[in-house]
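[1] 3D, please:
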Amino acid sequence: MKKLLLILAAFISIGASDGYTFKKAEFTHTEVAIKVIVHRDQAALEEEAIKLDAPTSLDDRINAFSIIKGKTCEIHMLNPKYRYKPELIGHEFLHCVYGRWHD
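    Numbers count the residues shown, from 1 in each chain. Model (predicted):
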């Protein structure tokens, strides 16, 4: 776990490719259960985001989102065969650890 956090911290310090800046942690979970849900295409991902009332903006196409329930976190993402953006999993993982940290 420590190695993964160090790798993510190094990635973020290089400059985030997603355009976000880490602002302030809502909380800090040092242990969290993560469930990854892979969606077949953009429409399925957006449909699930609406269904779950996910904190996303559909003004732009969403690439991934996370739902935090206590110390359990669901990361929803597109199938990498559809759109491969591995940095998104790191972004969503940080939401699982730190909550809402950007606007």
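[2] past the worst-scoring helix or strand of the chain on mean pLDDT, which element shows up next along the chain?
    Least confident helix or strand, the chain: helix 2-14 with a mean of 46, by mean pLDDT, DSSP states H and E. Stepping forward along the backbone from helix 2-14, the first helix or strand reached (DSSP states H and E) is strand 33-39.
[3] which elements pack onto that next one?
    In terms of contacts (3 or more CB pairs under 8 Å, 6 or more residues apart in numbering; DSSP states H and E), strand 33-39 is packed against helix 42-51, strand 72-78, helix 87-98. (Glycine included, C-beta is placed from N, CA and C.)
[4] what's the mean pLDDT across the longest one?
    The reference is to helix 87-98. Averaging pLDDT along helix 87-98 yields 91.
[5] and the angle from it to strand 33-39?
    Taking axes from the mean of the first three to the mean of the last three CA atoms, to 10 degrees, one finds that helix 87-98 is oriented at 150 degrees with respect to strand 33-39.
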